[in-house]
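# What would the 3D arrangement of this be:
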Amino acid sequence: MAITRQRGNRTVKGEPVFDLPSVKGLHETVTLAVEQAIFLGTLAPGKRLVEAEIASQMGISKAPVREALRDLEQLGLVVSYPRRGRFVTTLTATIASEVFSLRALLESYAARLAIDAFVEADFTRMTELAALADASVDDPQQIEYDLQIHDVLFDVAGHRLLLQTWS
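The predicted model follows:
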């Protein structure tokens, strides 16, 4: 069955070859799960993060956990000590400020790129996600809905490296 789909400033036509994945890669999923646990306080500052334990709890291999912990270390949420392991860092006002200011820059740039590329389906999806987020106040799922709203924005922006940085 031939398809025609509008994405950004281009129209994609032809036979579908691949289905777009509905979820992120496994290491990105692990990164979000650990990040969420850190921000919600489930993983307290100073808590040792053992790859094998995390992998076992999630029912996955250690490789995506290792990648996720490296990503979180780059974000400043995890600290690594040679021969001791990785630990949840203490969140400071400086770390929070840096994370939020960088996020604001990325989001505003994505919005500028996406503004002319939005189609009705994009607005509909973001509206649905916002309604789900509003309905799940005080539920960790609210964070996931918020991230999905931003995923739509970054996807529509059509800037591969920007999307990769956001992810």
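# Can you name every helix or strand that the longest helix along the chain contacts?
Secondary structure of the chain per DSSP state H: the longest helix is helix 93-114. Here helix 93-114 touches helix 141-157, helix 160-166, going by 3 or more CB pairs under 8 Å, 6 or more residues apart in numbering; DSSP states H and E. Where C-beta positions appear, they are placed from N, C-alpha and C, glycine not excepted.
# what's the average pLDDT for the last one?
Going back to what we said before, that points to helix 160-166. Taken as a whole, helix 160-166 has a mean pLDDT of 85.
# what do you get for the longest one?
For helix 141-157, the mean per-residue pLDDT is 88.
# Roughly how far does the closest residue to residue 106 other than its chain neighbours sit from residue 82?
Distances taken as CB to CB, 6 or more residues apart in numbering place residue 166 nearest to residue 106, at 5.8 Å, with adjacent residues excluded. Distance from residue 166 to residue 82, counting by CB to CB, to the nearest Å: 31 Å.
# Who has more neighbours out of the two?
Neighbour comparison, residue 166 and residue 82: the larger count goes to residue 166, with 18 against 5 (by other CB atoms under 10 Å).
# if I pick the more buried one, what's in contact with it?
Taking CB atoms under 8 Å, 6 or more residues apart in numbering as the criterion, residue 166 is in contact with 106, 110, 150, 151, 154.
# surely the second one meets residue 155?
Spelled out, that is residue 110. No. At 9.2 Å, residue 110 does not count as touching residue 155 under the criterion of CB atoms under 8 Å.
# Quick check on these two: which one has the bigger neighbour count.
A direct count of neighbours by other CB under 10 Å for residue 110 and residue 155 places residue 110 higher, at 22 against 19.
# Please name the residues that touch that one.
Applying CB under 8 Å, 6+ apart, we find residue 110 in contact with 150, 153, 154, 157, 159, 162, 166.
# In space, what's closest to it - neighbours in sequence excluded?
Setting aside the residues directly before and after it, residue 110 is nearest to residue 157 in space (CB to CB, 6+ apart), at 4.2 Å.
# Next, the contact list for the one you found, please.
Counting by CB under 8 Å, 6+ apart, residue 157 makes contact with 8, 109, 110, 111, 113, 114, 117, 163.
# Can you give me the neighbour number for the closest residue to residue 159 other than its chain neighbours?
Using CB to CB, 6+ apart and skipping residues adjacent in sequence, the residue nearest residue 159 is residue 113, 5.6 Å away. Per other CB under 10 Å, the neighbour tally for residue 113 reads 18.
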